[in-house]
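A.B. asks: Test case, fold it:
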Amino acid sequence: MRRINEQLRLCLCTLMAILLMAWHSHGHLAAQDRPQIPPRKAPFEGHPRTVVTPRPELEGTLDPRNYWQDRLIVKFSEDRVVRLPDSRRSGTADELVTRSRATHAATQFARSSAGPRLGGRRVEMLFSRSADDLQQERRAILAKRPDADLADLANYYRVFTRGRQDTLELMRSLSDEASVETCYPEFHPRAIVPAQTETKQGSIVAIRTPLFESRQGWLAPAPDGIGMLPASDLLGAQGHKGQTIVQIEAAWTFGHEDIPQLRRDRVLGPTDFGVWNILAWRDHGTAAVGILTSARDERGVRGVVPESSLYVSSVVLGNADAVSRATKISGPGDVFSSSLVHAVALGNQGFHAPFDFPQDAYDAVRIAVAKGIVMTVAAGNTGNDLANPLLYGYRYASSATPSGAWIIGATYMGARKKVAWSNYGDVVRFSSWGAGVTAPAYGQLFSDPSTPETRAYTDVFGGTSAASPQVAGAAAAVQSASWMMKRRWLDVDALASALELHGTSIQGRVGPRPDIAGTLAGLGLVDGLRIGGETKIGATFDLQLDLRASEVYAVLASLDTTSIRLPGFTFPLTVDLGQSFGIELGTMPKSGPYSIRLQVPGRDSLAGTKLFIQTLRVEPKSKNIDLTNPVEVWLRSR
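C.D. replies: Below is the predicted model of the structure:
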């Protein structure tokens, strides 16, 4: 450290005294504490839900390639509460009790006009959470967002019929029943498919798993990538443990060497994936999760937000139920992602529909978004305009109210136009790489025959399956950085607007490609301090100060973070004073970028160490005191 003259020493002591007083008067703010920030209005608030009804040319054909032949999903109208007695989950339709929301008068459903139509057929709640749990969640959201039109998910039931003809007759019979909001056949698992391009298996092996980060072009600076690498030094931009990430998929490979968080104890709901538990689905889910949270280490690939807390939720009990289970444990600032689509067979062709196409999934997503959660879903890979009424009815029409999910299209690698096979339309919010994506699983790039699933990588993962988690990662990175640096999360729509404003424009009606670094700068989260390049043990790295001429600065570092909010300061103090140490104290020789080169000791034991740095700054004439943005240094071994 440079020789410190008495004036600067006095300045530093004064600054530290101010900070210590603020520390004691304001106290610590734990990373998991979330201040109650009044939510901005979501774009769908004040607008009624869009409720779709069966169409003769699609649902009305009950094509066995699309639907179960003996199941009908029935959603009862919102003006009444329909429940089985004694909080039971299943029974017969004539046991249902219906109560008016307006008068609270209760009657046996069998005595209503719809009772004889359903008869004594077996019914079960569509959602695995209890009716009381679903109602408490809905009431809590409506207390904060009274204008939001949210469905009572406990009014959804699965009705078991006697087969194809009975299903068709019952669907037609209930179509004009006032107590039934909508009913439709349930998608069969074979009609829920991965929105990916073809990926081949391989068997290349080495004693040690190589580092494949150089192949992850989608992490590159904009306009080619999502701007993750140039943002990776900003505190929180790689996630934080208080942020929940949920990937909604069919199945996964547990124990993959590059995804330590992907464990059975992180599964929300059933861990037996049934018919989904096949290699194709496990690879697909693992690749998508890897894009989000692969570990930051010396092998394989890196995810966008490896520091966030990962959970997974299987669609084994239905897409909507998987969302609802995830919503239960999540809140503002958290992010969901899914790479599943529905394969709708019409005539002799198959077409992809996004995850939120069925009414139950739409309503479950809508509740999650109203709770402050971002959800990205794949647009699909059949090259269709999602406004096509023949394929999608009016679910994605311009006049329809959206679920709030971000529908994600695809480009060919870093190209700035839609790839031909990507679905598109005005409802497609964002896009990212849909080809050439390096990720865990499959083994086309690298695999070990002795552990073919847990030590496997590909560099040809693609489709909107690959694009969806990339955008989810971008959303999570911005939310996490905003929380760690400002102790605030962004409303879902405000976050979308920021990512759109600072993203890379893409031709073809698939929305822009997010730019994490550009968005963080645009939100004012970059102000005065950056790290130049990689930081490796035994090498040097540059601290880049961007201050005004003659400003006095004191660069502080610690091995842990805190958050002390100081009145009038741009950023809270994030360096832990209890274990901090000084790196540099000086005066800016000129305005603009100024580099301080630092040497990292060559001790192997330092590999993986995190160092958190922030700069105190003083303007001598005005006596203004402030803090720069905080940065994070992660020491690599190679």
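A.B. asks: which stretches of this protein form helices?
C.D. replies: Secondary structure of the chain (DSSP state H): helices located at 6-26, 115-118, 131-144, 164-174, 279-293, 319-328, 359-370, 389-392, 463-486, 492-502, 516-522.
A.B. asks: Dump those to CSV, plus mean neighbour count.
C.D. replies: From N, CA and C alone the C-beta is placed, and that goes for glycine too. Listed next are these as CSV, based on neighbours: other C-beta atoms under 10 Å:
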stretch, mean neighbour count
helix 6-26, 14
helix 115-118, 18
helix 131-144, 15
helix 164-174, 17
helix 279-293, 26
helix 319-328, 26
helix 359-370, 26
helix 389-392, 18
helix 463-486, 30
helix 492-502, 19
helix 516-522, 23
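A.B. asks: so who does residue 581 touch?
C.D. replies: 556, 557, 558 (C-beta atoms under 8 Å, 6 or more residues apart in numbering).
A.B. asks: Quickly list what the first one is bridged to.
C.D. replies: Taking DSSP bridges as the rule, residue 556 bridges to residue 582, residue 614.
A.B. asks: separation between it and residue 215?
C.D. replies: With distances taken as C-beta to C-beta, to the nearest Å, residue 556 is found 37 Å from residue 215.
A.B. asks: out of the two, which sits in the more crowded spot?
C.D. replies: Ranked by neighbour count (other C-beta atoms under 10 Å), residue 556 and residue 215 place residue 556 first, with 26 against 17.
A.B. asks: That one contacts residue 576, doesn't it?
C.D. replies: No: if you go by C-beta atoms under 8 Å, residue 556 and residue 576 don't touch, sitting 9.6 Å apart.
A.B. asks: and which of the contacts of residue 581 is nearest to residue 211?
C.D. replies: Nearest to residue 211 among the contacts of residue 581: residue 557, at 26.6 Å, using C-beta to C-beta.
A.B. asks: okay, now the closest one: neighbour count?
C.D. replies: Neighbours of residue 557 (other C-beta under 10 Å): 21.
A.B. asks: In contact with it: list those residues for me.
C.D. replies: Counted by C-beta under 8 Å, 6+ apart, residue 557 has contacts 575, 580, 581, 582, 583, 611, 612, 613, 614.
A.B. asks: Spatially nearest residue to it, not counting backbone neighbours?
C.D. replies: residue 613 (4.7 Å; C-beta to C-beta, 6 or more residues apart in numbering).
A.B. asks: burial count for the one you found?
C.D. replies: For residue 613, using other C-beta under 10 Å, the count is 23.
A.B. asks: same deal with residue 567?
C.D. replies: Applying other C-beta under 10 Å, we find 7 residues neighbouring residue 567.
A.B. asks: Tell me the spacing between it and residue 508.
C.D. replies: For residue 567 relative to residue 508 (C-beta to C-beta), the value is 48 Å.
A.B. asks: who touches stretch 236-243?
C.D. replies: With C-beta under 8 Å, 6+ apart, stretch 236-243 has contacts from 31-32, 228, 231-232, 245, 293, 296, 304-309, 333-335, 476-485, 516, 520, 632.
A.B. asks: and that stretch, what's its mean pLDDT?
C.D. replies: Across stretch 236-243, pLDDT averages out at 97.
A.B. asks: and what of stretch 489-497?
C.D. replies: pLDDT averaged over stretch 489-497 gives 96.
A.B. asks: How far off centre is it?
C.D. replies: How far stretch 489-497 lies from its chain's middle: 13 Å, per C-alpha atoms, centre = their mean, to the nearest Å.
A.B. asks: give me every residue that touches residue 171.
C.D. replies: For residue 171, the contact set (C-beta under 8 Å, 6+ apart) comprises 54, 59, 60, 72, 183, 184, 185.
A.B. asks: ok, now how distant is the residue most central in space within the chain from residue 289?
C.D. replies: With distances taken as C-alpha atoms, centre = their mean, the residue of the chain nearest its centroid is residue 335 (2.7 Å). As for residue 335, its distance to residue 289 is 13 Å (criterion: C-beta to C-beta).
A.B. asks: just to revisit the earlier point, looking at the contacts of residue 557, which is nearest residue 162?
C.D. replies: residue 612 (64.5 Å).
A.B. asks: How about the contacts made by the closest one?
C.D. replies: Going by C-beta under 8 Å, 6+ apart, residue 612 touches 235, 557-561, 574-576, 630-633.
A.B. asks: Now with 7 Å, please.
C.D. replies: 235, 557, 558, 561, 574, 575, 630, 632 (C-beta atoms under 7 Å, 6 or more residues apart in numbering).
A.B. asks: So the fifth one sits against residue 630, correct?
C.D. replies: Yes: with contacts counted by C-beta atoms under 7 Å, residue 574 reaches residue 630, the gap being 4.2 Å.
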